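Q: Have a look at this prediction, sequence included:
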Amino acid sequence: MAHWRGLLPPERLLEINYEAVVGDLETEARKLVRFCGLPWDPRCLAFHDTQRPVRTASAIQVRRPIYRTSQGRWEAYRNHLGPLVAALGDLADPASSPT
C-alpha cells in the first residue's frame, strides 16, 4: 500500500481496514459509498439478503452477514510468519494501520 499511497493523490485512494469493517460495518460502508460519490442505500448493510446469483469461490460468504470469526486468526501463525512480521514492522499490528 505504501507504493500506491506514494503514487496516487489522497483523493483517489481509500484504504479500508478489515477490523474497522467488522467492528462497525455501517460507518465503513458509508465511508466507502461516499468516497465513490454514490448515494447511500440501506441495502448496503443487507448485502447478504440478495437473491442474485453469485458465481465465485466466496458464494457462501456472500449470503452471510459480516462475522468476526476470522478477526485476529493470523495470530495463531505468528511464530511461522517471523520474517514477514519483521519486514512489515508496525504494519503487522492492525492497531497501527491507517484506516
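A: Received the coordinates, thanks.

Q: Which helix or strand in the protein has the lowest average pLDDT?
A: helix 59-62 (a mean of 74; mean pLDDT, DSSP states H and E).

Q: Residues touching that one, excluding its own?
A: The list of residues contacting helix 59-62 from outside it, by Cβ atoms under 8 Å, 6 or more residues apart in numbering, reads 47-48, 50, 54, 56. No exception for glycine: its C-beta is placed from N, CA and C like everyone else's.

Q: Closest one of those residues to A87?
A: Within the contacts of helix 59-62, proximity to A87 (Cβ to Cβ) peaks at T56, which comes in at 30.5 Å.

Q: Tell me how far that closest one lies from P83.
A: 31 Å (Cβ to Cβ, to the nearest Å).

Q: now, which of the contacts of helix 59-62 sits nearest G6?
A: The closest of the contacts of helix 59-62, once distances to G6 are taken by Cβ to Cβ, is T56, at 31.3 Å.

Q: which one of the contacts of helix 59-62 sits closest to W74?
A: T56 (22.6 Å).

Q: for the protein, which helix is longest?
A: helix 25-35 (DSSP state H).

Q: how about that helix as CSV, C-alpha atoms only?
A: Written as CSV, here are the backbone C-alpha positions of helix 25-35 (Å, rounded to 0.1, in the frame of the first residue of the first chain):
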residue,chain,number,x,y,z
LEU,A,25,-20.0,-2.0,9.2
GLU,A,26,-22.3,0.9,8.7
THR,A,27,-19.7,3.6,9.3
GLU,A,28,-17.2,1.9,7.0
ALA,A,29,-19.8,1.2,4.3
ARG,A,30,-20.9,4.8,4.4
LYS,A,31,-17.3,6.0,4.1
LEU,A,32,-16.8,3.8,1.0
VAL,A,33,-20.1,4.8,-0.7
ARG,A,34,-19.4,8.5,0.0
PHE,A,35,-15.8,8.1,-1.4
